[in-house]
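Novice: Below are the sequence and a predicted model for it; my questions follow.
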Amino acid sequence: MLGKNTQQKAKTAKAVKAAVPLVAALREKMRMPRKVFSRLTGFSERAIADWESGKTISEPGLRRMREIERFQQRLAEVIRAETIPEWLEKPNSAFGDLKPLEVIERGEIDRLWNMIFYLESGVAS
């Protein structure tokens, strides 16, 4: 019988290997050049290129890709999916004229999640 740690490591390794196509598919879905996607995820262009070419993704990278995937899905519910790349790079008065991408780079993605919540609920922010 495998120990709990061994089972968890095997499960994590399997998830990491299965996630390799996730990076390329997510970037393609978001219609973003690697440079912008790099800024969005906080990982280097080199790391993203490596993952897209089949190199094993790190566990932190996998967590971040899943977070960005959820973010994209929810954001696409309040704005058209094809406008997301442009929206991310346009100054927004709701964020003190910062670009949403800059808000994310500052580690304040929760501000965007709050915006999504308010837009979905119809509550004025």
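Specialist: Thanks, I have it.
Novice: going forward, measure contacts between C-alpha atoms and count neighbours the same way
Specialist: Noted.
Novice: which residues of this protein score low on pLDDT?
Specialist: Across the chain, the ranges flagged by pLDDT under 70 are 1-4, 6-20, 124-125.
Novice: Show me which helix runs longest in it.
Specialist: helix 59-75 (DSSP state H).
Novice: how about that one: buried residues?
Specialist: Using 16 or more other Cα atoms under 10 Å as the test for burial, helix 59-75 gives G61, L62, R64, M65, R66, I68, E69, Q72, R74, L75.
Novice: cool, stretch 39-54 as well?
Specialist: Buried residues in stretch 39-54 (16+ other Cα under 10 Å): L40, T41, E45, A47, I48, W51, E52.
Novice: Would you format these as a markdown table with distance to A24 and secondary structure included?
Specialist: Putting the buried residues of stretch 39-54 into a markdown table (distance: Cα to Cα, whole Å; DSSP: H, G, I helix; E, B strand; the rest coil) gives the following:
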| residue | distance to A24 | secondary structure |
| --- | --- | --- |
| L40 | 14 | helix |
| T41 | 13 | helix |
| E45 | 12 | helix |
| A47 | 12 | helix |
| I48 | 8 | helix |
| W51 | 8 | helix |
| E52 | 5 | helix |
